[in-house]
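Student: sequence and predicted model, in that order:
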Amino acid sequence: MNASLERISSEIRDIQDFPKQGIVFKDITPVLANGQLFRLAVNTLSDRHHAHNLDRVLGIDARGFIFAGAVAYKLGIGFVPVRKKGKLPYKTNSITYDLEYGRETLEIHQDALRPGHKVLIVDDLLATGGTAAAAAELVTKLGAEVVELAFLIELEFLNGRRNLRNYKIFSALKY
């Protein structure tokens, strides 16, 4: 791990039993609060994509918005939010998927992407991969191409890559 990633990792807090008993939550708010570390995180997620001729960066509700918006800004391209059901104001396409503790529905505006668009999907954390797989499916159903799924953190012990095996994946930090 390089020095920049070590600095970011050292500021991520483990919160025991959040949001429920037995879960160790990776709290990124100290990274967000530190301008230098936030910039390092955004640069880590974006700098590798300058040559990819991307059209959009898609962010997953909600912490993914923080990084995806900044990455889109840095790359000079548009940002597309994928939100939980009922949060987008225009016509949407939706997908319902299983979580380890229930079901969730994600939505995207029907006009957010066009066929042939190259899309980078960004989220803060890869756990089981269900949410990222659902977001990727929304992208492909609109005829766009998922170039990569990029995460600041990956929890390797949850095997999320298994649900994303058809996609290129980048994780800056692995636990």
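Tutor: Structure's in. What do you need? What you see is a predicted model, and the numbers here were worked out from it, not measured in a lab.

Student: SS state for the spatially most central residue of the chain?
Tutor: By Cα atoms, centre = their mean, the chain has its centre lying nearest to D123, at 1.5 Å. Three-state assignment for D123 (DSSP: H, G, I helix; E, B strand; the rest coil): strand.

Student: got a list of what it touches?
Tutor: 59-60, 63-64, 67-68, 131-132, 135, 149-151 (Cβ atoms under 8 Å, 6 or more residues apart in numbering). Yep, even glycine has a C-beta here, placed from its N, CA and C like the rest.

Student: let me know the closest of those to R162.
Tutor: A132 (11.6 Å; Cβ to Cβ).

Student: verify the stated contact: that closest one with L149.
Tutor: Yes. Between A132 and L149 there is a contact under Cβ atoms under 8 Å: 5.4 Å.

Student: list residues touching both of these two?
Tutor: Joint contacts of A132 and L149 (Cβ under 8 Å, 6+ apart) are 121, 123, 126, 164.

Student: and the residues you listed as JSON lines, adding distance to K85 and pLDDT?
Tutor: Output for these, formatted as JSON lines (distance: Cβ to Cβ, whole Å; pLDDT from 0 to 100):
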{"residue": "I121", "distance to K85": "19", "pLDDT": "98"}
{"residue": "D123", "distance to K85": "18", "pLDDT": "98"}
{"residue": "L126", "distance to K85": "22", "pLDDT": "97"}
{"residue": "L164", "distance to K85": "22", "pLDDT": "97"}
